[in-house]
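> starting from these lines, generate the structure:
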Amino acid sequence: MRNDYLAAAQNIIPDPMILINIISKRVRQIKFGERPLIYSLERLEPEDVALREIIEGKIGFELLSKK
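Numbering: from 1, shown residues only. From the prediction side, this is the model:
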């Protein structure tokens, strides 16, 4: 996992638990055959692809409030 991608993603999603959950869920999807939402000329690990997707605004999250 590239530290520069991680630092940029932490600026977008500051809560580490949420960031870890989003990355792990997206990595699982990529490993099971989902196509990346970004285009890259370099060969990236699935973790780096997930981080770049967050950085580029391709994926995000929404917190649900309890009623």
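
> find the nearest non-adjacent residue to Glu56, please.
Ile38 (5.9 Å; C-beta to C-beta, 6 or more residues apart in numbering). From N, CA and C alone the C-beta is placed, and that goes for glycine too.

> one more: Ser40?
Arg52 (7.0 Å).

> cool, Glu45 as well?
Going by C-beta to C-beta, 6+ apart, Glu45 has Met1 as its nearest residue, at 7.1 Å.

> before we move on, the earlier item: now do the contacts for the residue nearest to Ser40.
Neighbouring residues of Arg52 by C-beta atoms under 8 Å, 6 or more residues apart in numbering: Tyr5, Ile38, Ser40, Leu44.

> if we can go back for a sec, how many neighbours does the residue nearest to Glu45 have?
For Met1, the count of nearby residues is 13 (other C-beta atoms under 10 Å).

> related to what we said a few turns ago, any of the contacts of Arg52 buried? List them.
Tyr5, Ile38, Leu44 (16 or more other C-beta atoms under 10 Å).
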